[in-house]
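S.K.: just to be clear, the model below is a prediction. Sequence and coordinates:
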Amino acid sequence: MRVFDLHGVFRWWSGPEHASPNADRVFPAGAERSNPERGTTMEHALTPEEKKLLVRVQWEGLKFVAYQGSFGMFRETWIKKLYDLPGFQIGPGMNIVDIGAHQGFFAIYAAQKGATVHAYEPQEFLYKVLQYNFASNKENGQLPGVVRAHNRAVWNACEEIPIYIPSKWPRRCANASTSSDLVETDELFFKTGEYTESSVPAVSLDSIFEEGRIETCEFLKMDCEGSEFEILRVASDDTWRKIERLAMETHEGYQEQTMLDLLRDHDFEILIQEPREGRLPYGFVKAVKKQILAAQNN
């Protein structure tokens, strides 16, 4: 089996979407084996056509499969450390909620540190890649933590909801959204008529905490393409009380100041706020509960 070093594969991984010339080497025979006792059951196997879109990459002892063009997302987590917070390190025993888990880059980043990650990804192809990445690294003994993956969207209610996928990247689905407000205002990815619509099951943030029996969420990560405000807007006070830190992309479809006010209303201190500006229609926010920040600084 040929395993690519991250830097050696950079140009190809970041290139246009087409079939991998090494698909037979990316997925050796038996690579999708399951081990229920170790929590690595594969609910959905990747199809031969899906495998052709993927490259296998090795990084810091871990092995990933990922579609071409996703190097930027990998780099955000593993190189730029986008989701790291000052004075805080993810560690064993922590509960992490990952909304918009994509191919599992952040989920595995947190599980490598021993955390339990409740990961939610609505798109089936990406969900299968996420599962594969967790299963293969868990099987190889590289992950002391656990990724509990769910093929669900997160929204303001538990119901079937529409999901909008830009037609430009139907396989990658990196910018798919469940927010109709974002679809109406985002001119970069959702130009009129340049997306498809389907439906996905969704859960609320309250239900995630209830079903996962999460009493404390040390870190909430959100990259859900415009759904973040609706998700947080309807969260109960009890759920807000359990969240200690968060980091998220902000998108068009709502006013950024409205989001900041919502966080402050629930006793969060805004550590970093990068506003939406320029060509890309998203910003970034990192926030910590005031009492957590005070204890951290003492």
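M.R.: That came through fine.
S.K.: residue nearest the middle of this protein, spatially speaking?
M.R.: residue 101 (2.2 Å; C-alpha atoms, centre = their mean).
S.K.: quick one, what contacts it?
M.R.: Listed by C-beta atoms under 8 Å, 6 or more residues apart in numbering, the contact partners of residue 101 are 107, 119, 120, 121, 126, 127, 130, 149. Every residue, glycine included, has its C-beta placed from N, CA and C.
S.K.: over to residue 273?
M.R.: 256, 260, 283, 284, 285, 286.
S.K.: mind doing that once more with 7 Å?
M.R.: By C-beta atoms under 7 Å, 6 or more residues apart in numbering, the residues touching residue 273 are 260, 285.
S.K.: is it part of a helix or strand, or is it coil?
M.R.: strand (DSSP: H, G, I helix; E, B strand; the rest coil).
S.K.: and the closest residue to residue 151 other than its chain neighbours, what helix or strand is that in?
M.R.: Across the structure, with C-beta to C-beta, 6 or more residues apart in numbering as the measure, the residue nearest residue 151 apart from its sequence neighbours is residue 127 (4.5 Å). According to DSSP states H and E, residue 127 maps onto helix 124-139.
S.K.: and the next element down the chain from that helix?
M.R.: Downstream of helix 124-139 (by DSSP H and E), the next one is strand 146-150.
S.K.: can I get the CA coordinates of that next one in PDB?
M.R.: Taking Å, rounded to 0.1, in the frame of the first residue of the first chain, the C-alpha atoms of strand 146-150 are listed here in PDB:
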ATOM      1  CA  VAL A 146     -13.700   7.800  21.200                       C
ATOM      2  CA  VAL A 147     -15.600   9.300  18.300                       C
ATOM      3  CA  ARG A 148     -19.400   8.700  18.500                       C
ATOM      4  CA  ALA A 149     -20.400   9.600  14.900                       C
ATOM      5  CA  HIS A 150     -24.000  10.400  13.900                       C
END
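S.K.: relative to helix 124-139, how tilted is it?
M.R.: 160 degrees (axes from the mean of the first three to the mean of the last three C-alpha atoms, to 10 degrees).
S.K.: partner strands of strand 146-150, with direction?
M.R.: strand 116-120 (parallel) (DSSP bridges).
S.K.: for the residue nearest to the centre of the chain, give its distance to residue 237.
M.R.: Per C-beta to C-beta, to the nearest Å, residue 101 is found 26 Å from residue 237.
S.K.: neighbours around the nearest residue to residue 50 once chain neighbours are set aside, how many?
M.R.: Of all residues not flanking residue 50 in the chain, residue 125 sits nearest, at 6.0 Å (C-beta to C-beta, 6+ apart). Counted with other C-beta atoms under 10 Å, residues neighbouring residue 125 total 20.
S.K.: same question, the one 10 residues further on
M.R.: In terms of burial, residue 135 registers 24 neighbours under the definition other C-beta under 10 Å.
S.K.: same thing with residue 113?
M.R.: For residue 113, the neighbour count with other C-beta under 10 Å is 17.
S.K.: these two touch, right, it and residue 90?
M.R.: Yes. Contact between residue 113 and residue 90 holds when scored by C-beta atoms under 7 Å: they sit 4.5 Å apart.
S.K.: how far off centre is stretch 137-153?
M.R.: Here stretch 137-153 shows a centroid-to-chain-centroid distance of 13 Å under the convention C-alpha atoms, centre = their mean, to the nearest Å.
S.K.: likewise for stretch 88-102?
M.R.: 10 Å.
S.K.: okay, that stretch in CSV with CA atoms only?
M.R.: This file holds the C-alpha atoms of stretch 88-102, laid out as CSV (Å, rounded to 0.1, in the frame of the first residue of the first chain):
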residue,chain,number,x,y,z
PHE,A,88,-6.9,25.3,27.3
GLN,A,89,-5.9,21.8,26.0
ILE,A,90,-8.3,19.0,25.1
GLY,A,91,-7.6,16.0,27.3
PRO,A,92,-8.7,12.6,28.5
GLY,A,93,-12.3,12.3,29.9
MET,A,94,-13.5,15.5,28.2
ASN,A,95,-16.8,15.7,26.2
ILE,A,96,-16.4,17.4,22.9
VAL,A,97,-19.3,18.2,20.6
ASP,A,98,-18.4,18.5,16.9
ILE,A,99,-21.2,19.9,14.7
GLY,A,100,-20.3,19.7,11.1
ALA,A,101,-17.7,17.0,11.6
HIS,A,102,-17.0,16.6,7.8
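S.K.: ignoring the adjacent residues along the chain, who's closest to the residue nearest to the centre of the chain?
M.R.: In space, residue 101 is closest to residue 119, 3.8 Å off (C-beta to C-beta, 6+ apart).
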